[in-house]
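In: The sequence and its predicted three-dimensional model are supplied below.
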Amino acid sequence: MNRVVVIGAGLAGLASACHLLAAGHDVTVVEREPIVGGRCGRLEQDGFGFDTGPTVMTMPGLVAEALAAVDVELDQVLPMRRLDPAYRARFADGSRIDVVSGRVGMRSEIRRASGEADAAAFDGFVDWLTELYEVELPAFIDHNYDSPLGLLSDPGAALRLLRLGAFGRLGRAVGRRFSDERLRRLFSFQAMYAGLAPADALALYAVITYMDSISGVWFPEGGMHAVPLAMAAAVEKAGGTIVLGEQVTGLLRRRDGVLAGVRLAGGDALVADAVVCTLDLPTAYDRLLPELRPPRALRRPTYSPSAVVWHLGVRGLPDADVAHHNIHFGHAWDSAFTALLERGELMPDPSRLVTVPSLDDPTAAPAGCSTLYVLEPVPNLVAGRVDWTREREPMQERLLTFLDRSGYPVEIVTERLVTPLEWRAQGLAGGTPFALAHTFAQTGPFRPPNVERRVPGLCFAGSGTVPGVGVPMVLISGKLAAQRVARYLGGVAT
């Protein structure tokens, strides 16, 4: 039985561990924090519970796939319910559009908000998104590349993407389908997840729109941190070992360069035939592979924007028309992205996400109180011109004023503000939790690879490698890394 060490017990590492166990390997997961989850962590503070990472759960079937690899059924260990609306979009003119479940319901909502013409266009839009997803997922996302020539491995899929206009611009593709500017924003803002302005992002990133606006947004019972908890339990049930509170500080290699295991901060060593590393990729090369020149995409990387996240425990409940996920769009759009992405400045008229998990998780806040998660996109530390030692308090003041005006309770019991400085302290390069931007030169086979051929036995998973950023992508990345290990050691990773 081959021994594999997985560095990091986040979603990517746990998914990889599940697939590696299914392939018959002896798996040990090493996590530096005292709890599992990685970026999908949990903060308990003054009686409130906060999910510290992603708050939007899409494509739960990918979690189910990882669990099924070790004979665990999703519904038995991780109950989820679909949020309806998935989002409540609020616009600067005071109007509102809900992203509701099902074609019929969403078509009716568009008809109410935007008129018959845009409602009639919705079915064709869904058909386009669905076909994009069905082509992209197996051929280009859930796929290991050995070189850019891998793009030609399925010429039929590539031709279908060309026909679908996937290599045009997302903003234009959405704009020609809907006349209402609010719908154009609602169905293209997801490009921000890829680190791009909608006007600049390739239309193929509309697949992210499919994942949340069409496939749906879900909420796990107990919050987002319940996902890694369930996956970790499945890993241990299948015979894997999870070591918490231990940090990997180095890689062990034989004289011929082949990987032999990892060294822990306490001085102990774990012998291994292969290692899956889920550290943010620039950090992994800096800390564990300082003698190697990083891959081309990491030498002059373009990072995604960062985000300020404010976790708030407050007395009181939000207004009755507040949903679980609320997107507040500012007046500005293209100019806001120009400031953020080109000038490295704060958005002059920002759009913000406010999530209220306590609406659906009574354990997140004491009775009569609420838990708020407030996110505002901000520049990363490489391209940005913001002094966060000075900007913290002004940012909090602006966010508090915004919350008060928008119908949220603002009597603060406890809080924690996370800026790019805190993201960097967690080991996230560029001070951003969204890793490398999905520019053309950092996408697909051009993204840093998930195998380091100069160190046989070392593979990578997580948002810095293929296929990219977001909960669905990092889950897939764990499976792809397991497949790399299986190819290296022999055997089949499910």
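Out: The structure has been received and is ready for your questions. Numbering: from 1, shown residues only.
In: For stretch 275-284, give me every contacting residue.
Out: For stretch 275-284, the surrounding residues in contact (CB atoms under 8 Å, 6 or more residues apart in numbering) are 4-8, 10, 12-13, 16, 20, 38, 251, 259, 261-262, 287-288, 294, 298, 301, 427-430, 435-436, 448, 457-465, 478, 481-482, 485. C-beta coordinates here come from the backbone N, C-alpha and C atoms, glycine included.
In: cool, and stretch 426-438?
Out: 39, 53, 193-196, 201, 205, 279-283, 297, 301-307, 380-382, 384, 419-421, 423-424, 442, 447-448, 462-464, 468-469.
In: Which ones among those residues map onto helices?
Out: 281, 282, 283, 297, 420, 421, 423, 424 (DSSP state H).
In: ok, now how distant is the fifth one from residue 52?
Out: Read that as residue 420. Going from residue 420 to residue 52 by CB to CB, to the nearest Å gives 15 Å.
In: more neighbours, these two?
Out: More crowded of residue 420 and residue 52, by other CB atoms under 10 Å: residue 420, with 25 against 21.
In: which non-adjacent residue is nearest that one?
Out: residue 431 (3.2 Å; CB to CB, 6 or more residues apart in numbering).
In: Tell me the confidence at the one you found?
Out: Note on residue 431: pLDDT of 98.
In: for this structure, longest helix please?
Out: Using DSSP H to define each element, the chain has its longest helix at helix 116-136.
In: Which strands or helices does that helix pack on?
Out: Counting contacts by 3 or more CB pairs under 8 Å, 6 or more residues apart in numbering; DSSP states H and E, helix 116-136 is packed against helix 103-114, helix 155-164, helix 206-209.
In: just the ones you listed: most buried one?
Out: helix 206-209 (a mean of 25; mean count of other CB atoms under 10 Å).
In: contacting residues around that helix?
Out: Contacts of helix 206-209 (CB under 8 Å, 6+ apart): 128-129, 132-133, 136-137, 141, 166, 170, 173-174, 187-188, 190-191, 193-194, 470.
In: Likewise for stretch 128-144?
Out: Stretch 128-144 has contacts (CB under 8 Å, 6+ apart) with 150-151, 154, 157-158, 160-161, 164, 166, 177, 203-204, 206-207, 209-211, 214-215, 444, 450, 466-467, 473, 476, 479-480, 483-484.
In: For PyMOL, write a command that selects the buried ones of these.
Out: A single PyMOL command selects the buried members of the contacts of stretch 128-144 (16 or more other CB atoms under 10 Å):
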select buried, resi 151+154+157+158+160+161+164+166+177+203+204+206+207+209+210+211+214+215+444+450+466+467+473+476+479+480+483+484
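In: For the host helix or strand of residue 183, buried residues please.
Out: Here residue 183 sits within helix 181-186, counting by DSSP states H and E. Buried residues in helix 181-186, defined by neighbour count with 16+ other CB under 10 Å: 182, 183, 184, 185, 186.
In: repeat for stretch 397-413
Out: For stretch 397-413, the neighbour count (16+ other CB under 10 Å) marks 398, 399, 400, 402, 403, 406, 408, 409, 410, 413 as buried.
In: before we move on, what about stretch 13-31?
Out: So, applying 16+ other CB under 10 Å, buried residues of stretch 13-31: 13-23, 25-31.
In: Compute the first-to-last residue distance for that stretch.
Out: Distance between the two ends of stretch 13-31: 9 Å, counting by CA to CA, to the nearest Å.
In: The residue lying closest to residue 166 once chain neighbours are set aside and residue 113: what is the separation?
Out: Counting by CB to CB, 6+ apart, residue 204 is the residue found nearest to residue 166 once chain neighbours are left out, at 3.9 Å. To residue 113, residue 204 is 27 Å away according to CB to CB.
In: Next, the residue of the chain most remote from its centre: secondary structure please.
Out: Note on the chain: the largest C-alpha distance from the chain mean falls to residue 255, namely 37.9 Å (CA atoms, centre = their mean). Recorded secondary structure, residue 255: coil (DSSP: H, G, I helix; E, B strand; the rest coil).
In: Residue 291 versus that one, what's the distance?
Out: Going from residue 255 to residue 291 by CB to CB gives 15 Å.
In: could you pull out the strands for the stretch 351-494 of the chain?
Out: Taking DSSP state E, counting those that start in this stretch, the strands of the stretch 351-494 of the chain run over residues 352-355, 369-378, 411-418, 458-460.
In: What angle do strand 411-418 and the longest one make with each other?
Out: Between strand 369-378 and strand 411-418, the angle comes out at 40 degrees (axes from the mean of the first three to the mean of the last three CA atoms, to 10 degrees).
In: Neighbouring strands - and their directions - for strand 369-378?
Out: strand 306-315 (antiparallel), strand 352-355 (antiparallel) (DSSP bridges).
In: shouldn't residue 119 be in contact with residue 105?
Out: No - the pair residue 119 / residue 105 is not scored as a contact, 11.4 Å apart, by CB atoms under 8 Å.
In: Now that we're looking at residue 493, what pLDDT does it have?
Out: 60.
In: Which parts of the stretch 1-150 of the chain are strands?
Out: Ranges of strands within the stretch 1-150 of the chain are 3-7, 26-31, 42-45, 48-51, 57-58, 80-82, 87-90, 96-99, based on DSSP E, counting those that start in this stretch.
In: And the stretch 201-350 of the chain, by the same measure?
Out: Assigned by DSSP E, counting those that start in this stretch, the strands in the stretch 201-350 of the chain fall at 217-220, 241-244, 248-253, 259-264, 269-271, 274-277, 306-315, 325-328.
In: Map the structural domains onto the sequence of this structure.
Out: 3-39+59-72+222-300+438-489, 111-215, 304-429 (automatic domain parsing).
In: Do me a favour and get the end-to-end distance for the first one?
Out: Distances were taken as CA to CA; on that basis the terminal residues of domain 3-39+59-72+222-300+438-489 are 10 Å apart.
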